[in-house]
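**Q** Here's a sequence, model it:
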Amino acid sequence: FFYAQQTPVKLSLYDQIAWPNKAETSNAVLGLIDSNTPTVYGIDWNFISARAEVMHGYQAAFVYNRANEMMGLQKAIYTLADEASGVQLSLLAVSDIMYGVQIGFLNISKDNLQGVQIGAANFAQNASGVQVGLYNQAESFSGLQFGIVNRIINIESGLQIGLVNLIENNGHFPGMILVN
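**A** So this is what the prediction gives:
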């Protein structure tokens, strides 16, 4: 039987220039430029960027964080997750599927959002929850949009509060000022 190498701590300079460099699972990753660890259960902290296939815990870097599966908190200038459960805190937060909170200047949920987006601009494909920002947009939406400009393509149920509120399909009014 083959068992993946596990380590409580991984120290990384860049990608696989690390000690130990073949660690598959780690509880704490500390890096200078970049780390690339398949699975992290705990802390993944790097000065420039951090990457993990599975990250459960806290992933932080100054510039960039990437996880295929993220459960916990991601914090950087740019955070990216395929499937996220928890919080993305960054200038640019991007996820395919988001269960939780995105807080940033620009927040994007490419597929499903169940939770909250707070930022200058928020974009979601299929959203159920709350969007708070200067500009909010959702393809399919159920919940609350609060902002200066709110736009929904197909509304299932919900409320828009803002200066300009637009609902292209399924709304009682296609456009309203203040509340729609």
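
**Q** Mind listing what's buried along the helix or strand encompassing Ile177?
**A** Using DSSP states H and E, Ile177 maps to strand 175-179. Across strand 175-179, burial judged by 16 or more other CB atoms under 10 Å covers Met176. For the C-beta atoms, the positions are set from N, CA and C on the backbone; glycine is no exception.

**Q** which helices and strands does that strand pack with?
**A** strand 106-169 (3 or more CB pairs under 8 Å, 6 or more residues apart in numbering; DSSP states H and E).

**Q** Quick check: mean pLDDT of the strand it packs on?
**A** For strand 106-169, mean pLDDT is 96.

**Q** Report all helices and strands that it contacts.
**A** strand 92-103, strand 175-179.

**Q** In TSV: those, plus mean pLDDT and distance to Arg51.
**A** Formatted as TSV, the helices and strands packed on strand 106-169 follow (pLDDT from 0 to 100; distance: least, CB to CB, whole Å):
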stretch	mean pLDDT	distance to Arg51
strand 92-103	98	14
strand 175-179	76	43
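
**Q** Would you mind finding the most buried of those strands?
**A** Compared across the helices and strands packed on strand 106-169, strand 92-103 shows the largest average neighbour count, a mean of 22 (mean count of other CB atoms under 10 Å).

**Q** Neighbouring strands of that strand in the sheet, and parallel or not?
**A** According to DSSP bridges, strand 92-103 forms sheet pairs with strand 78-89 (parallel), strand 106-169 (parallel).

**Q** Can you check which of those strands gets nearest to Glu69?
**A** Closest to Glu69 of those is strand 78-89 (CB to CB; 5.3 Å).

**Q** Give me the distance from that closest one to the chain's centre.
**A** Relative to the chain's own centre, strand 78-89 is displaced by 3 Å; criterion: CA atoms, centre = their mean, to the nearest Å.

**Q** For that strand, buried residues please.
**A** Tyr78, Thr79, Leu80, Ala81, Asp82, Glu83, Ala84, Ser85, Gly86, Val87, Gln88, Leu89.
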